[in-house]
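Chemist: Structural data only, the sequence is not supplied:
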């Protein structure tokens, strides 16, 4: 009888532990949840270099908290490209609305995601970026779930970005543990991590483990990931994300040392 009670109790405690981070975000964050999507801020954050003043090719990866209550759990990620000598960016992402989930269209690469500011996860410029762009375009066209979207556990926007990153040589990006859906591998069980510095095992995004030099060690349970990042001296918590002493993104090869500083956009 005692063992019969212990298992449900343990399961409840695990579930509560997983939800503690999102509950903390709900209680303490200032996510824009009082606005409708059409009222929310979509202005540029001024992170990306202005295309008309930057002849070099640019590839950037961004993430921002998802809109509404989903932001307590996850971020939304996207990729932006600018060809050499082009005067505009093309933003590649996936959304859960519209006739087609995959979108590739001109736009500001660093716009707020419906009230939530973007964070730059990777920044590559110059010849490396120029070589990547045709591969990115091909990977976007070959995305295996063009008309399918599931916010949890995937395929979703983060599944898309992780897929493209894995297909493009030299585009090695460590996505946040809060990018729910990045671990969705479809019918596959094992894959290289998006950073290409390790491997991961995943059961349809519901259960998995990841180990790599860049991402550290992550455990995925019901789509919520937690773990440690020894190189960044950090822990990773569901909902909360990365808590550490070092920046896990831009002190890596994701930021090209040859890249000049971003130019502030006109407000």
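Modeler: All right, it came through fine. Everything numeric in this text was worked out from a predicted model, so none of it was measured.
Chemist: make it CA atoms for all contacts and neighbour counts henceforth
Modeler: Fine.
Chemist: Quick one: residues contacting residue 26.
Modeler: The contact partners of residue 26, taken as C-alpha atoms under 8 Å, 6 or more residues apart in numbering, are 69, 72.
Chemist: Now do the buried residues in the one helix or strand it maps to.
Modeler: Assigned by DSSP states H and E, residue 26 belongs to helix 2-28. Across helix 2-28, burial judged by 16 or more other C-alpha atoms under 10 Å covers 18, 19, 20, 21, 22, 23, 25, 26.
Chemist: where in this structure is pLDDT low?
Modeler: 1-5, 31-34, 248-267 (pLDDT under 70).
Chemist: Please enumerate the helices of it.
Modeler: 2-28, 127-141, 157-167 (DSSP state H).
Chemist: Could you tell me how many residues sit around residue 125?
Modeler: Neighbours of residue 125 under the rule other C-alpha atoms under 10 Å: 25.
Chemist: got a list of what the residue nearest to it when sequence neighbours are not counted touches?
Modeler: Nearest residue to residue 125, sequence neighbours excluded (C-alpha to C-alpha, 6 or more residues apart in numbering): residue 58, at 4.4 Å. Shown in contact with residue 58 (C-alpha under 8 Å, 6+ apart): 80, 81, 82, 83, 84, 123, 124, 125, 126, 129, 130.
Chemist: So which of these is the closest to residue 149?
Modeler: residue 80 (20.5 Å; C-alpha to C-alpha).
Chemist: Can you get me a residue count around the closest residue to the closest one other than its chain neighbours?
Modeler: Using C-alpha to C-alpha, 6+ apart and skipping residues adjacent in sequence, the residue nearest residue 80 is residue 91, 4.4 Å away. Neighbourhood size, residue 91 [other C-alpha under 10 Å]: 20.
Chemist: swap in residue 116?
Modeler: When counting by other C-alpha under 10 Å, one arrives at 22 neighbours for residue 116.
Chemist: what about it, distance to residue 109?
Modeler: 14 Å (C-alpha to C-alpha, to the nearest Å).
Chemist: Which residue or residues pair with the residue most central in space within the chain through a beta bridge?
Modeler: Geometric centre of the chain, nearest residue: residue 77, 3.9 Å, by C-alpha atoms, centre = their mean. The partner list for residue 77 in beta bridges (DSSP bridges) reads residue 63.
Chemist: Confirm for me that it is in contact with residue 64.
Modeler: Yes: counting by C-alpha atoms under 8 Å, residue 77 does reach residue 64; the two are 6.5 Å apart.
Chemist: got the contact list for residue 212?
Modeler: Residue 212 neighbours (C-alpha under 8 Å, 6+ apart): 193, 195, 196, 197, 198, 199.
Chemist: Widest-spaced pair of the residues you listed?
Modeler: 195 and 199, at 9.4 Å, using C-alpha to C-alpha across the contacts of residue 212.
Chemist: quick one, which of these two is more surrounded?
Modeler: Between residue 195 and residue 199, residue 195 has the larger neighbour count (other C-alpha under 10 Å), namely 22 against 16.
Chemist: Residue 87 versus the more buried one, what's the distance?
Modeler: When distance is defined by C-alpha to C-alpha, residue 195 is 29 Å away from residue 87.
Chemist: Ok, residue 104 next?
Modeler: Taking C-alpha to C-alpha, one finds residue 104 at 16 Å from residue 87.
Chemist: can you check residue 100 too?
Modeler: Residue 100 is 26 Å from residue 87, where distance means C-alpha to C-alpha.
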